[in-house]
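Novice: Prediction below, plus the sequence it came from.
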Amino acid sequence: MKKITIVLLLTFLSQNLFSQTTNWMESMDFAKRMARTQNKLILMVWEEATQYPLPILIQVTNGKNVVLENLFESQELNQLMWEYFVPVKIDEVLYEDMFNEIKGKRSQSYINDFNDDSLKIMDANGNIIGTSGGYVELLNFTKFVLKYRLDTSYVRQEILNYYSKKDFYSTFYLASKYIDYSLLVNEKVRPEILKLSDIYFAEAMAILEKDQALENKAELMQRIQLTKLTQDLIKNKPRRVLRQLKKLEELEIEKVNKPLQSFLYYTSYRLLNDKENFQALEKEISLLNLKQAQLIVNLNR
């Protein structure tokens, strides 16, 4: 249905049915607020980059490809972008403040994406999920939209909790929820959602190390390590998960983390089709975790 809607909107372009222009926002704070309330991702670009033409390719309902000389001058495509994203162009004078927020906290590839002139897809907290890539002579905008037009209502509550009170638990639960969400999105964007979860896990770990009031730190740190192993199951790397579990067992698994340990073993054995081992664990797995394990197995068939 989403794809049909996109194609219909693109058809409007050739029929010139739009009569009004919806401009890009110019405030990241307002863009984040709108992304939270509308369950959308943010489409961000540096304002200086909009001063240069960005040629794009779009597909219309008859299957024909249409080339537009400049995305930023298309009133009709502004409408399309607002349908699926919260478009925002950011003045270069804000660069230093935004950079300081991520300095020393992100990989060099992330910094490169932040710095370049690409279109950037961000979550409601302003973290980059993906981009349109480096310099391209012609951007296939239809593919770009189809990849990133995500409904984030599944993580809405965790996003709101994180916004309301940024502490270890709200950050950890948002990271975990993004792992669950990766099971529901299209396979092309799944690796990027998993990388997004890593950003929040790293932030949760940093809070854990600094917050002197937090109790059971060893237990919580182990919880992060175990939860992150779910990413490897989604990537169909069960043998790696089993190796990591054996290493963690040498330090002893905390009692509260035992159900998660059982889930990881169970799902690993399911992926390996090791019936003897996974059937022995089945009674220990909650109904919710059984469903999640099945989703992971289905993805990797």
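Specialist: That came in fine, so what should we check first? Residues are numbered from 1 along each chain as shown.
Novice: Now do the helices in the chain.
Specialist: 2-15, 28-38, 75-84, 95-102, 108-115, 141-148, 156-164, 168-182, 190-210, 217-234, 238-249, 258-271, 275-281, 287-299 (DSSP state H).
Novice: Let's have those helices in CSV, adding mean neighbour count and mean pLDDT.
Specialist: (Each C-beta comes from the backbone N, C-alpha and C, glycine too.) Converted to CSV, the helices of the chain look like this (neighbours: other Cβ atoms under 10 Å; pLDDT from 0 to 100):
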stretch, mean neighbour count, mean pLDDT
helix 2-15, 15, 46
helix 28-38, 17, 97
helix 75-84, 19, 86
helix 95-102, 12, 96
helix 108-115, 14, 96
helix 141-148, 20, 94
helix 156-164, 17, 98
helix 168-182, 21, 98
helix 190-210, 18, 97
helix 217-234, 18, 97
helix 238-249, 15, 95
helix 258-271, 21, 97
helix 275-281, 13, 96
helix 287-299, 15, 96
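Novice: and Asn65, which of the ones you listed is closest to it?
Specialist: Distances from Asn65 to each of the helices of the chain were compared using Cβ to Cβ; the shortest belongs to helix 141-148, at 8.4 Å.
Novice: shouldn't Asn289 be in contact with Gln261?
Specialist: No - the criterion here is Cβ atoms under 8 Å, and Asn289 misses it with Gln261 at 11.3 Å.
Novice: how close does the nearest residue to Met34 once chain neighbours are set aside sit to Ile56?
Specialist: Leaving aside its chain neighbours, Met34 sits nearest to Val86 (4.8 Å; criterion: Cβ to Cβ, 6 or more residues apart in numbering). As defined by Cβ to Cβ, to the nearest Å, Val86 lies at a distance of 19 Å from Ile56.
Novice: just Lys120 next, same as before
Specialist: Going from Lys120 to Ile56 by Cβ to Cβ gives 16 Å.
Novice: Give me the neighbour count for Lys89.
Specialist: Number of residues near Lys89 (other Cβ atoms under 10 Å) recorded here: 19.
Novice: swap in the one 3 residues further on?
Specialist: As a burial measure, the neighbour count of Glu92 was computed by other Cβ under 10 Å and equals 10.
Novice: Model confidence score at it, please.
Specialist: pLDDT, the model's per-residue confidence, is 94 for Glu92.
Novice: My understanding was that it contacts Glu47; is that so?
Specialist: Yes - counting by Cβ under 8 Å, Glu92 touches Glu47, with 6.4 Å between them.
Novice: I'd guessed Tyr84 sits against Arg149; true?
Specialist: Yes - judged on Cβ under 8 Å, Tyr84 makes contact with Arg149 at a distance of 3.9 Å.
Novice: ok so, going back, report the contact partners of the residue nearest to Met34.
Specialist: The contact partners of Val86, by Cβ atoms under 8 Å, 6 or more residues apart in numbering, come to Met25, Ala31, Met34, Ala35, Gln38, Lys40, Leu41, Ile42, Leu43.
Novice: From Ile224, how far off is the fifth one?
Specialist: For Gln38, the distance to Ile224 equals 30 Å [Cβ to Cβ].
Novice: sorry, back to before: could I get the helices of the chain as CSV with distance to Asn62?
Specialist: Converted to CSV, the helices of the chain look like this (distance: least, Cβ to Cβ, whole Å):
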stretch, distance to Asn62
helix 2-15, 8
helix 28-38, 31
helix 75-84, 17
helix 95-102, 42
helix 108-115, 35
helix 141-148, 13
helix 156-164, 37
helix 168-182, 35
helix 190-210, 31
helix 217-234, 38
helix 238-249, 46
helix 258-271, 43
helix 275-281, 50
helix 287-299, 34
